[in-house]
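Trainee: Got a predicted structure plus its sequence, pasted below:
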Amino acid sequence: MRWVTRQHAKVDRIACPWLIRRFIDPQAEFLFVPDEAVLPTAHREGAVPFDVPGVELGHVEGRCSFESILRRYGLTDPALQLLGRIVHGADIPQDLAIEPEAPGLRAIAHGFALLHGADDQTKLQLEMPLYDALYRWCQKRVASAR
């Protein structure tokens, strides 16, 4: 399936593809397009839009897009829920203190954006292992809290 979002991805628009490929659609293909082209591209390509205003898988009722995807697909794994809070804090500046890892994730994601600019496919490829590692960290943190 194809998924489409805005270009110039930083935090949520890279974390969401990681979540989708790892837990929803391993063969997912991601399109990064200009803001005004997201919904027309979704319609034309039969793609699922995410992290754009006005869509189910966007920032809705205080959730970031990653958290909206967790909710929509019933992903209740406590480690994924924790990762969602970290992504939320990293993506939404006023919530940066929500988890201690959020400022670090924000700095790293913005650093990838500075290094690779509009090359969102390269950022996605390079950051997939980062989110794998952060998810593993979240699993350990959740297990330690029990």
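Mentor: All right, it came through fine.
Trainee: check contacts around residue 100.
Mentor: For residue 100, no contacting residues are found, by Cβ atoms under 8 Å, 6 or more residues apart in numbering. C-beta: built from backbone N, CA, C; applies to glycine.
Trainee: Report pLDDT for it.
Mentor: We have a pLDDT of 97 for residue 100.
Trainee: Could you verify that it is part of a helix?
Mentor: No: Residue 100: not assigned to a helix; according to DSSP: H, G, I helix; E, B strand; the rest coil it is coil.
Trainee: now the longest helix belonging to the chain: mean pLDDT?
Mentor: Longest helix in the chain by number of residues (criterion: DSSP state H): helix 120-145. In this model, helix 120-145 has a mean pLDDT of 98.
Trainee: Same question for that helix: list its buried residues.
Mentor: Within helix 120-145, the residues that count as buried by 16 or more other Cβ atoms under 10 Å are 120, 123-124, 127, 130-131, 134-135, 138-139, 141-142.
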